[in-house]
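Colleague: have a look; sequence and predicted model below, questions after that.
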Amino acid sequence: MEVSRHWRLQAQRYQLVGETCDSCGVKLFPPRDVCLVCEEPAQELYTFTGLGEIYSYTTIYDAPAGFEHNAPYMVALIKLEEGPMITAQLTDMAPGEAEIGMPVEMVTRKLRSDGDEGMIVYGYKFRPAVLETVVA
Ligand SMILES: [Zn+2]
């Protein structure tokens, strides 16, 4: 396993870092360096709040190699507060508890460990939002 690659990606694994477009203000995730809306270069880093809501979800029964111990688990399309959609695993909720429109927040969780070298890979998951959104 390439340790350096994991170090390089660590910022993205611990926080939801994307980009913001200087020209039109759109927030991008994942980072793609070009604005999807106005096609101007967008390289300004932006850290998302990690808040969003469930747009759609599905339950996975046949987990890929390395994830078997997690099955069944739920994967959702999350619509972030700032606009972008992101696919992520749901956590801290039972199958059947997820609802479309449910407020969720990002948490950092262990995704898997690579047997021999003992490398633990962390990533983001989403759980039901604990904090009430303050409505002005
Ligand atoms: Zn733009």
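Modeller: Good, I have the coordinates.
Colleague: what does the chain put close to the ion?
Modeller: 21, 23-24, 26, 35, 37-38 (Cβ under 5 Å from the ion). C-beta: built from backbone N, CA, C; applies to glycine.
Colleague: can you show me the helices along this structure?
Modeller: Assigned by DSSP state H, the chain shows helices spanning 3-14.
Colleague: for this structure, what spans make up the strands?
Modeller: 17-20, 27-28, 44-47, 51-60, 73-80, 85-90, 103-114, 119-128 (DSSP state E).
Colleague: what's the end-to-end length of stretch 21-40?
Modeller: End-to-end distance for stretch 21-40: 7 Å, by Cα to Cα, to the nearest Å.
Colleague: list the buried residues for it?
Modeller: By 16 or more other Cβ atoms under 10 Å, the buried positions in stretch 21-40 come out as 21, 26-29, 31, 35.
Colleague: and for stretch 62-74?
Modeller: Within stretch 62-74, the residues scored as buried using 16+ other Cβ under 10 Å are 73-74.
Colleague: equivalent analysis for stretch 72-81, please.
Modeller: Taking 16+ other Cβ under 10 Å as the criterion, stretch 72-81 shows 73-76, 78-81 as buried.
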